[in-house]
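Student: Generate coordinates for the sequence data below:
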Amino acid sequence: MMGAIGTGNTRPGIVTASFGTSGTIYACSAKPIVDPSGEIAAFCDSTGRWLPLLCTMNVTVATEMLRNDFHWNHARYDKAVRKAPPGSDGLLLIPYIEGERTPNVPNGTGVYFGVNPCTFEADHFARATMEGVTLGMNYGLNRLRALGIRPGQIRVTGGGARSAVWRQVMADVFNTEVVCTQIAEGAAFGAALQALWCWRLQQGERVGVSEITDAFVKTDPKTVARPNRKSVEIYRKLQEIQDRAHQDMQAMFAKHRAMVS
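Tutor: A predicted model of the protein is given here:
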């Protein structure tokens, strides 16, 4: 709730995405967004409206596993990602390393799909891992879209947002402009802005929270990433494969979990 305010996510069209160990994407809505499938949480926000939200369990948990195994720092990881082409020549991570909640795949595991002599090398695995977890979040963003959310800009936070190459992957996968805010600690900043809003209301002012966020929340123009049409189409096709793969593997995941339990 505070992160939404701290990133200026106080009106329709602005969506917040957090790329940490787990991942969240959430929006502001004047009316409840109820998902019959239960994949999107129908939270209330802290401004009298609603905060439809998706949560995934596997984002930097996957990229950090690979980075640590190769003994890379973050700059070296980003360099490897840039060396591989968008789509990683068809190498795709099904990123359910710790199981998954959106989509609901509690027995899931991580699966690299599309390994061949061309893709079996470090740069491709680095990029495929980054792409796979982003496609995993896009599954939920597409569900939000199906429920009526129309993102015009996605404001990103969390450790993954610090990477310029990852922000471009986000923009291409989400097919939406991506940008960071100038103040990275969105939740703490949001709490301060809500306190200011409440104080001004107590003083008798008729001020909306969007007026507060418009005045204080600023995006960082140096961090803007815009979709590349060619890459968008590549990721659209990979999204279809990832979505179909997790459905086809449900029974296999359950058998595997039973075997290793």
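
Student: make it CA atoms for all contacts and neighbour counts henceforth
Tutor: Noted.

Student: Which positions within stretch 80-90 qualify as buried?
Tutor: For stretch 80-90, a neighbour-count test (16 or more other C-alpha atoms under 10 Å) marks 80-82, 84, 86-90 as buried.

Student: May I see those residues arranged in a markdown table, with secondary structure as well?
Tutor: Output for the buried residues of stretch 80-90, formatted as a markdown table (DSSP: H, G, I helix; E, B strand; the rest coil):
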| residue | secondary structure |
| --- | --- |
| 80 | helix |
| 81 | helix |
| 82 | helix |
| 84 | coil |
| 86 | coil |
| 87 | coil |
| 88 | helix |
| 89 | helix |
| 90 | helix |
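
Student: can I get these in CSV with distance to residue 170 and pLDDT?
Tutor: Listed next are these as CSV, based on distance: C-alpha to C-alpha, whole Å; pLDDT from 0 to 100:
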residue, distance to residue 170, pLDDT
80, 17, 98
81, 13, 98
82, 14, 98
84, 16, 98
86, 12, 98
87, 13, 98
88, 15, 98
89, 18, 97
90, 18, 96
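
Student: Return the member of those nearest to residue 2.
Tutor: The shortest approach to residue 2 among these belongs to residue 81, at 32.4 Å (C-alpha to C-alpha).

Student: I'd say that closest one and residue 124 touch.
Tutor: Yes - shown here, residue 81 and residue 124 form a contact pair, counting by C-alpha atoms under 8 Å, at 7.2 Å.

Student: Tell me where the stretch 151-261 of the chain has strands.
Tutor: Assigned by DSSP state E, counting those that start in this stretch, the stretch 151-261 of the chain shows strands spanning 153-157, 177-179.

Student: Adding distance to residue 115 and mean neighbour count, write those out as CSV.
Tutor: Listed next are those as CSV, based on distance: least, C-alpha to C-alpha, whole Å; neighbours: other C-alpha atoms under 10 Å:
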stretch, distance to residue 115, mean neighbour count
strand 153-157, 31, 24
strand 177-179, 30, 23
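
Student: I'd like to know which of those is closest to residue 193.
Tutor: Judging these by C-alpha to C-alpha, what sits closest to residue 193 is strand 153-157, at 17.2 Å.

Student: now the residue lying closest to residue 163 once chain neighbours are set aside, what's its secondary structure?
Tutor: Closest residue to residue 163 apart from its sequence neighbours, by C-alpha to C-alpha, 6 or more residues apart in numbering: residue 78 at 7.3 Å. At residue 78 the chain is in helix, as set by three-state DSSP.

Student: How about the contacts made by residue 78?
Tutor: With contacts defined as C-alpha atoms under 8 Å, 6 or more residues apart in numbering, residue 78 is in contact with 163, 165-166.

Student: Let me know the pLDDT of it.
Tutor: In this model, residue 78 is scored at 98, pLDDT.

Student: In TSV, list the strands of the stretch 151-261 of the chain along with mean pLDDT and distance to residue 72.
Tutor: What follows is those, written out as TSV (pLDDT from 0 to 100; distance: least, C-alpha to C-alpha, whole Å):
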stretch	mean pLDDT	distance to residue 72
strand 153-157	96	22
strand 177-179	98	26
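
Student: closest one to residue 203 among those strands?
Tutor: Closest among the strands of the stretch 151-261 of the chain, using C-alpha to C-alpha: strand 153-157, at 31.2 Å.
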